[in-house]
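>>> just to be clear, the model below is a prediction. Sequence and coordinates:
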Amino acid sequence: MAARRKSTPGALVLRAVIVLLALGVVVFAVQGGEWGTFDLIRQKSRLARVRHAVDSLKHEVDSLKKYKQAVLTDPVIQEKIAREEFGMVRGNKEILYRYTEPEAGSRVKAAGSRKPEAAKKVP
């Protein structure tokens, strides 16, 4: 039978330091540095967000390209823009009335009644 040696307190401390050092090396190998586990997880979630943003922007660009093509070629869209943005009217049968607000200091009979400034027939 082999006789067991009693460990001294100094030997136990040395073993504990070696175990803690080895554990520290393993943790640094897994977590440490620029490419640690937590950093890789953060990068994956950021990559997913960026891919989603890119997909959304591609969809928006496709929609704008279709709208541009419609503006260049579709007479209905062109007429709608001309009416809404530039106040244009179509044909020679429409009468355009222009209403203005009364100027400050001018005498007006009733605040609610507005008369057309000019009635013009626009070609």
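Nice, I can see it. Residues are numbered from 1 along each chain as shown.
>>> the residue positioned nearest the centre of the chain and E60, how far apart?
Nearest to the centroid of the C-alpha atoms of the chain, with distances taken as CA atoms, centre = their mean, sits A53, at 7.2 Å. Distance, A53 to E60, using CB to CB, to the nearest Å: 11 Å. Heads up, the C-betas are built off the backbone N, CA and C, glycines and all.
>>> go on, A29?
For A29, the distance to E60 (CB to CB) stands at 44 Å.
>>> equivalent analysis for G32, please.
41 Å.
>>> and what of G36?
Applying CB to CB, one obtains 36 Å for the distance of G36 from E60.
>>> out of those two, which sits in the busier spot?
G36 (15 against 10; other CB atoms under 10 Å).
>>> and the more buried one, what does it touch?
For G36, the residues meeting the contact criterion (CB atoms under 8 Å, 6 or more residues apart in numbering) are V30.
>>> quick one, phi psi at it?
As for G36, its main-chain torsions (degrees, to the nearest 10) stand at phi -70, psi 170.
>>> same check on V89?
For V89, the backbone dihedrals are phi -120, psi 160 (criterion: degrees, to the nearest 10).
>>> tell me how many other residues surround the residue nearest to V71 when sequence neighbours are not counted.
Distances taken as CB to CB, 6 or more residues apart in numbering place I77 nearest to V71, at 5.6 Å, with adjacent residues excluded. Around I77 there are 14 other residues, counting by other CB under 10 Å.
>>> doesn't I77 fall inside a strand?
No: according to DSSP: H, G, I helix; E, B strand; the rest coil, I77 belongs to no strand; its state is helix.
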